[in-house]
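> My questions concern the predicted model and sequence given below.
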Amino acid sequence: MVTVRAPATSANLGSGFDVFGAALTRPADVVTVEKAAETTIEVTGVGAQYIPEDPEKNTVGAVVDALDAPARIHIDKGVRPASGLGSSAASAAGAAVALNRLYDRGLSRSELVPIAAEGEAVVSGVAHSDNVAPSILGGFTVTTTEGTHAVDASIPLVVCLPDVAVSTRDARRVVPETASMEQLVETVGNAATLAVGMCRSDPDLVGAGMSDPVVTPERARLITGYDDVREAAFDAGAAGVTVSGAGPAILAVCRAGRRRSVAGAMLDAFSAAGIEARAYQTRIGRGSTILDA
Ligand SMILES: Nc1ncnc2c1ncn2[C@@H]1O[C@H](COP(=O)(O)OP(=O)(O)OP(=O)(O)O)[C@@H](O)[C@H]1O
Ligand SMILES: N[C@@H](CCO)C(=O)O
């Protein structure tokens, strides 16, 4: 039996659509696998009632197939589905790390990234790796078709999750098909600024680089209260605010001492819009951890 803790993640970080990702210290899924002749999946925890246990429909089923590793699998969800916190990816990442160990497949963490991404194709139609990469490798990740680069960064974060669901599949429908040259130049500049900020563990630089003129404004329309929550976070000391992944979670970067006030301000703004929410005071953290083997 192998048990793995797989962290929530935030993808895009504004300017890095489908490329940037970051592992969060919390929340996390816990995935336990045991060898079996046929694969079965049991899901408990947050939002378990919305998650299929059929291996054809659960993200971990695709990972089982890719590793040819049938197992009895238990997923204890800490990451709510349809959250923008890489819920579907956390299970797939945890399963990839756990099954690789259970069956001694000997694959490196980097080699497990495209395997876990197959699970993402099951739910969103696209095998995007920007959530599974940080959930497996930890840190700040840059994923392209050539592979993934991971950087350890110490960046304080607040994630505010409203009590509404946005599916990645729906949120991908509002992504514009084109961008102007002016928007392209602005986005490249912001993304590069963010990456330098990560390498320097500088929250102000990371926050400045989060701004995105193309995808985020369209996604923000799907989140009631977004503009007010964003403004409240900045007023409370955030250095940057954006949609986490496909939403509806909203991500703020700030200095460590500001997390409590930023979290409180974001919750108050959601409450004023009539929406219940919860906030995680977190930071960039490590990737999937084997707890028991
Ligand atoms: N193991 C799993 N964990 C969570 N969701 C799963 C899992 N397997 C299948 N799903 C389905 O995936 C969908 C949630 O995935 P989705 O990508 O929309 O949200 P997310 O992972 O929280 O968001 P994001 O990718 O934006 O961070 C739900 O429809 C859920 O039923
Ligand atoms: N890059 C993906 C991440 C989903 O979490 C998207 O924004 O659609």
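Right, received. Where do you want to start? All values derive from a computational prediction rather than experimental measurement. Ligands and ions are numbered 1, 2, ... in the order given.
> Get me the contact residues on the stretch 51-200 of the chain for ligand 1.
51-52, 58-60, 75, 81-89, 91, 123-124, 131, 167-168 (CB under 6 Å from any ligand atom). (C-beta placed from N, C-alpha, C; glycine too.)
> Packing partners of the longest strand along the chain?
Residue-count comparison of every strand in the chain, with assignments taken from DSSP state E, identifies strand 20-35 as the longest. Applying 3 or more CB pairs under 8 Å, 6 or more residues apart in numbering; DSSP states H and E, one finds that strand 20-35 makes contact with strand 2-11, strand 71-77, helix 87-102, helix 132-137, strand 140-144, strand 156-162, helix 181-199, strand 277-283.
> For E231, which of those is the nearest?
E231 sits nearest to strand 156-162 of all the helices and strands packed on strand 20-35, at 13.1 Å, using CB to CB.
> Output that closest one as PDB, nothing but the C-alphas.
This file holds the C-alpha atoms of strand 156-162, laid out as PDB (Å, rounded to 0.1, in the frame of the first residue of the first chain):
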ATOM      1  CA  PRO A 156       3.200  34.100   0.600                       C
ATOM      2  CA  LEU A 157      -0.300  33.700  -0.900                       C
ATOM      3  CA  VAL A 158      -3.900  34.000  -0.100                       C
ATOM      4  CA  VAL A 159      -6.500  32.000  -2.000                       C
ATOM      5  CA  CYS A 160     -10.200  32.900  -1.600                       C
ATOM      6  CA  LEU A 161     -12.600  30.300  -2.700                       C
ATOM      7  CA  PRO A 162     -16.300  31.300  -3.100                       C
END
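> So what are the structural domains in the protein, by residue number?
2-151+285-292, 156-283 (automatic domain parsing).
> Need phi/psi at the residue of the chain positioned farthest from its centre.
In the chain, the greatest distance from the average C-alpha position (CA atoms, centre = their mean) is reached by A37, at 31.8 Å. In this entry, A37 is assigned phi and psi values of phi -70, psi -40 (degrees, to the nearest 10).
> Any stretches of the stretch 1-150 of the chain with poor pLDDT?
Low-confidence regions of the stretch 1-150 of the chain, defined here as pLDDT under 70, do not occur.
> Which one of the residues in it is closest to ligand 2?
In the stretch 1-150 of the chain, the residue that lies nearest ligand 2 is A11 (3.8 Å; CB to the nearest ligand atom).
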